[in-house]
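Engineer: sequence plus the predicted model coming up.
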Amino acid sequence: MEQKILTHRRYPDQRVKDVDNWNISKSDKEDIKRFIEDYKQGEVTGRIGTNIGTTIERVMQLLRISIVYLSKNKKVIGNFTKDNLKDVKRFKDDLLKDKIKSSKLKDTPYSIKGKKMLFATLNQYLKWKLKPEDYIVLAKPLKIRIETKKPEPKYLTISEIDKLYKNCKNNKERFYIANLFGSGNRAEEFINWRYSDIHLPEVNENYIKVRVREGYSKTGGRTISLYYDKCLEATRDYLEERKQEGIEPNEPIIKDSYESVKGWLSRFGEKVLNKNIHFHLFRSACASWLANRLNRQQ
């Protein structure tokens, strides 16, 4: 199989090496590294995910926040016991009161989802690290339910999709808008479309079909039909342009990088709709649109 185009670069091994720069004790650094190795092997969660590199990066990021915070109050976390319940409670209270801020988001409070993930990751580490009698006491403050209202789902209406399409200035832009919406693909699936994966309608057919390859999808390979009425026009024009450039069958149909397309979508959405648009917004818009058009079997 051709090399997969990645939408995000992951460096889990480097993240583990970076533990040596954390402001914690030497023994804690060694414990963190052993914890991550056990996590990779499935000994922490009982399973090994399909995208373990991404998981490890997220776990490292979350764990650093809690462990470094706790180390400010107690230099050697390695000696933690149930007598240190107040330290864990202080971490919980400060996080819930937004005294712990996200440097990645320019000193802003963590979201509810972020707080839940911080509690869950610290809980995993304490369970791995401590004796059962100590873990039961220290983990109690972390096992709290934070009730939240689900936000209204964000999506694009068909009139907004049409407006975006109408304001595109070339074949490439029309291809992006029509097929991001028409396919409902994830960003990495869409970026990895190959020329040979796109099949224009034959006799007695009405719609373009696209093969989403097994190795480029989180949910497995499949062939999808594109029902949005602008997909055929946009795809024919762009394919003709790429054919004239000499595209090979297994060459990516999209020449731009993920970051380039992502940036263009954001700027274009602000210009045309006064709205920030992104890959996933087209996915949810497609699902909503199809739900109103197709029956259950389809």
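Structural biologist: It's in. Residues are numbered from 1 along each chain as shown.
Engineer: contacting residues for W22?
Structural biologist: Neighbouring residues of W22 by C-beta atoms under 8 Å, 6 or more residues apart in numbering: D28, K29, I32, R64, I67, V68. Heads up, the C-betas are built off the backbone N, CA and C, glycines and all.
Engineer: mind running it again at 6 Å?
Structural biologist: When contacts are counted by C-beta atoms under 6 Å, 6 or more residues apart in numbering, W22 touches V68.
Engineer: cool, and E160?
Structural biologist: Listed by C-beta under 6 Å, 6+ apart, the contact partners of E160 are L273.
Engineer: could you rerun that using 10 Å?
Structural biologist: Counting by C-beta atoms under 10 Å, 6 or more residues apart in numbering, E160 touches F181, G269, V272, L273, K275, I277, L281, A285.
Engineer: only the buried residues of the host helix or strand of it, if you could.
Structural biologist: Using DSSP states H and E, E160 sits within helix 158-166. Buried positions in helix 158-166, judged by neighbour count with 16 or more other C-beta atoms under 10 Å: E160, I161, D162, L164, Y165.
Engineer: would you list every one of the helices in the stretch 151-298 of the chain?
Structural biologist: All helices of the stretch 151-298 of the chain, identified by DSSP state H, counting those that start in this stretch, fall at 158-166, 171-183, 187-191, 231-244, 258-273, 279-291.
Engineer: can you say which of those is nearest to I146?
Structural biologist: Evaluated over these, closeness to I146 peaks at helix 279-291, with 23.8 Å, by C-beta to C-beta.
Engineer: which strands or helices does the closest one pack on?
Structural biologist: helix 158-166, helix 171-183, helix 187-191, helix 258-273 (3 or more C-beta pairs under 10 Å, 6 or more residues apart in numbering; DSSP states H and E).
Engineer: which helix is the longest one in the chain?
Structural biologist: Across the chain, the longest stretch assigned as helix under DSSP state H is helix 52-73.
Engineer: what is the next helix or strand after that one packed up against?
Structural biologist: Counting by DSSP H and E, the next helix or strand C-terminal to helix 52-73 is helix 85-96. Contacts defined by 3+ C-beta pairs under 10 Å, 6+ apart place helix 85-96 against helix 52-73, helix 112-129, helix 132-139.
Engineer: want to throw those helices into a markdown table with mean neighbour count and distance to W22?
Structural biologist: Shown next, in a markdown table, are the helices and strands packed on helix 85-96 (neighbours: other C-beta atoms under 10 Å; distance: least, C-beta to C-beta, whole Å):
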| stretch | mean neighbour count | distance to W22 |
| --- | --- | --- |
| helix 52-73 | 18 | 6 |
| helix 112-129 | 18 | 13 |
| helix 132-139 | 15 | 20 |
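Engineer: figure out which of the ones you listed is closest to G220.
Structural biologist: Among those, helix 52-73 comes nearest to G220, with 18.1 Å by C-beta to C-beta.
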